[in-house]
Structures are given as C-alpha cells and as structure tokens.
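Engineer: what's the 3D shape of this:
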Amino acid sequence: MIKYLERPIFEHDLPVMYYRHEGRVLTAPHWHQEIELIYVQEGILNLGVEEHVFTLEKGDIYIVNSGISHYFLSSPGSVRLVVQIDTTFFTHETSASDLVKQLNLIEPYSIHWNQTIREQIYHFIATIGHEIGSKDIAYRFRIQELLYGFYVNTFRNFPLKRSSSDILAPSIKNQDVLDKLNRVYRYIETHYDHDISLERVSDHIGYNSYYFTRFFKKHTGQTFVEFLNEFRINLAKWYLVTTDWSISEVAFESGFQSVKTFHSVFRKHVMDSPLQYRKNIQDRVEESAIKRSEL
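Structural biologist: Residues are numbered from 1 along each chain as shown. You can find the predicted model right below:
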C-alpha cells in the first residue's frame, strides 16, 4: 500500500490537535511530522505501525513518532483518543530533533511502561482534550505547560527499547523527504499571495518539474496544485471567520488571482459559497452564545 504524508491543519498558535474517533473511522497508511499519542478509551483497537500490527486493549497507549508510517484497521466497538503534537513548538526553547531522536529510543507501547508513566500520559492526553474543549482564558498556557511536561517525561522517565533492533528506522529514512517537503511548505507560506508556478517551486528544492510532480504526489497523496488550493482555502476560511473583509479582499489576501477562481475552488472544497460559509459560522457562534447565556 502507498504511504502518504499527512499534513494536519493546526489552529492558529495552538501546537496540538485532539480527536475522539470510533472504530469505524479507518485510515490508510500515512505518516506526518507530528508526534501522535493514541489512547484506547473503549474496546480493542487494531493499530498498524510500519510492518507491525498491534492489538491495543482498553487503557493502552501507543506513541507514534514523527516520520513513522501507521494506520488504523477496522475495530468495531472501539473508541480512541488521539493527540497530535506539532514538533516545531519545541524549537523555541530546545531542539525538536532531539525529541524525535529520543522518542525513537524509548518504548512506544504502554505495556512496557510502569503504572506511574501510564497514568501520567493518560492524564496528559485527557487534560489536552479538556483544555481544548473548555478554551478558557488560560487554556493555551496550560497546553504549553503540558507539552513541556511531556518533553521532560520523555527524557527522564520512559524505559528505553530493549535492543537496537527494536528501533524503527523509517523516521530517520523519511527525514530527507520531510526536509524537502518542509522547504516546499515554507515556500508556500511565504509566497502563497503570489502566482506560484510548478517550475518555480520545483527549482526551489532542486528538482525538475516532472520529478517534483511525482515526488510530491507520492509522499502527500495530493498534486501540488491540490495542496496549494487547500492551503489557500483554509486561509480563506480563517479570514472569513475572523475578519469583516469583503469576499474579494479575502480572495486576494488568500492568494487567489481572481474572485471567480476563488468562488469556484472554495465551493469545490467546502460545498458552499464563501458568503454562506461565513453566515453559517456566525449563526453557530450566536446559537452557542445564546445557549451559554441560558445556563
């Protein structure tokens, strides 16, 4: 099976994502730069990691390191909590690569941990979920505190793998690909409001257009144009919700060269017009505010 790079869309300034998925939510083999923690809340979960398949039971935890291919098989009746950590968060204070290297050395499966570590990591996952759900005035600082605690735990308290043969090498093997793709992403992040040609971005990472097209599709599961449009649409959705800009202003600030193209691409991705999307979000916010006032 093809393994593709997943590129999670993080909320602005928030270095984690939190999900609650049931067993019927399956994923194909994929990998990403983010670190992923999986906790089985209910039932039995069938988790594939590289060439291995693990059967996790209720209460089990598995840490998937940056660059490691993984997937979820059918697991009826199971419920899993998932936390994804953006490793770039740690570059402010220390080295994200040090954390990735350390995670490649420790036991990722909770059956090898002592009870204290199991409880601490469960508390970490549960509290991340609670903080993202509550979003009170201090929740971002609390999440940062939790992330630093996880970092310290990783270096001080986790057991190391029993032998070097147990260490999964793909995170190192995929680092080259991640570095190339990160150069592409950084280029898009700084030039998205310009006319970005395939030739220009190919040249930026030292590939010809033909090879870059195949490389990008193989490792992301998308064409470059699909990815660029998705990036611009996510940016546009943010502007539609957080500003009072006109639709044409949102279109041009998001990097689209014409309002007509923006409308067409937006409707294809969101199944709604930009104006209707803005109205739907505003209506939801108002309904939520009314419900809170009635409590």
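Engineer: please pull out the lowest mean pLDDT helix or strand from this structure.
Structural biologist: Taking mean pLDDT, DSSP states H and E as the measure, the helix or strand of the chain with the lowest value is helix 170-173, at a mean of 47.
Engineer: can you tell me the average pLDDT over stretch 247-258?
Structural biologist: The pLDDT scores in stretch 247-258 average 94.
Engineer: am I right that Tyr207 sits in a strand?
Structural biologist: No: Tyr207: not assigned to a strand; according to DSSP: H, G, I helix; E, B strand; the rest coil it is coil.
Engineer: distance of it relative to Ile188?
Structural biologist: According to C-beta to C-beta, to the nearest Å, Tyr207 stands 15 Å off from Ile188. For the C-beta atoms, the positions are set from N, CA and C on the backbone; glycine is no exception.
Engineer: which residues in the protein form strands?
Structural biologist: Along the chain, the segments classed as strands by DSSP state E run 4-5, 16-22, 27-31, 35-42, 45-49, 52-56, 61-64, 70-72, 79-85.
Engineer: got the angle between the second one and strand 79-85?
Structural biologist: Regarding strand 16-22 and strand 79-85, their directions subtend 160 degrees when assessed with axes from the mean of the first three to the mean of the last three C-alpha atoms, to 10 degrees.
Engineer: can you pull the buried residues of strand 16-22?
Structural biologist: Under the neighbour-count criterion of 16 or more other C-beta atoms under 10 Å, strand 16-22 has Val16, Met17, Tyr18, His21 buried.
Engineer: stretch 248-262 too?
Structural biologist: By 16+ other C-beta under 10 Å, the buried positions in stretch 248-262 come out as Val250, Ala251, Phe252, Glu253, Ser254, Gly255, Phe256, Val259, Phe262.
Engineer: also stretch 113-130?
Structural biologist: By 16+ other C-beta under 10 Å, the buried positions in stretch 113-130 come out as Trp113, Ile117, Arg118, Gln120, Ile121, Tyr122, Phe124, Ile125, Thr127, Ile128, Gly129.
Engineer: what residues are up against Asp60?
Structural biologist: Tyr39, Val40, Leu45, Tyr109, Ser110, Ile111 (C-beta atoms under 8 Å, 6 or more residues apart in numbering).
Engineer: need the worst-confidence member of those.
Structural biologist: Taking the contacts of Asp60 together, the minimum pLDDT is found at Leu45 (90).
Engineer: was I right about that residue contacting Leu81?
Structural biologist: No: look at Leu45 against Leu81 with C-beta atoms under 8 Å: they stay out of range, at 10.7 Å.
Engineer: shared neighbours, these two?
Structural biologist: Contacts common to Leu45 and Leu81, judged by C-beta under 8 Å, 6+ apart, are Ile38.
Engineer: looking at the two, which is more packed in?
Structural biologist: Between Leu45 and Leu81, counted using other C-beta atoms under 10 Å, Leu45 has the larger neighbour count: 25 against 20.
Engineer: got a list of what that one touches?
Structural biologist: For Leu45, the contact set (C-beta under 8 Å, 6+ apart) comprises Gly23, Ile38, Thr55, Leu56, Glu57, Asp60, Phe72, Ser75, Ser78, Arg80.
Engineer: so who does the nearest residue in space to Val53 that is not next to it in sequence touch?
Structural biologist: If you skip the residues right next to it in sequence, Val53 has Asn46 as its closest partner in space, 6.3 Å away by C-beta to C-beta, 6 or more residues apart in numbering. Contacts of Asn46 were listed using C-beta under 8 Å, 6+ apart, and they are Val53, Phe54, Thr55, Leu56, Phe72, Leu73, Ser74, Ser75.
Engineer: report pLDDT for Asn46.
Structural biologist: pLDDT, read off for Asn46, is 85.
Engineer: returning to what we had before: same list (the contacts of Asp60) but as TSV, adding distance to Phe216.
Structural biologist: Output for the contacts of Asp60, formatted as TSV (distance: C-beta to C-beta, whole Å):
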residue	distance to Phe216
Tyr39	33
Val40	34
Leu45	31
Tyr109	33
Ser110	36
Ile111	38
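Engineer: which of these are buried, as a ChimeraX select command?
Structural biologist: In ChimeraX, a selection of the buried entries from the contacts of Asp60 looks like this (16+ other C-beta under 10 Å):
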select :39,40,45,110
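Engineer: which of the contacts of Asp60 lies closest to Ala138?
Structural biologist: Of all the contacts of Asp60, Tyr39 has the smallest distance to Ala138: 24.1 Å, by C-beta to C-beta.
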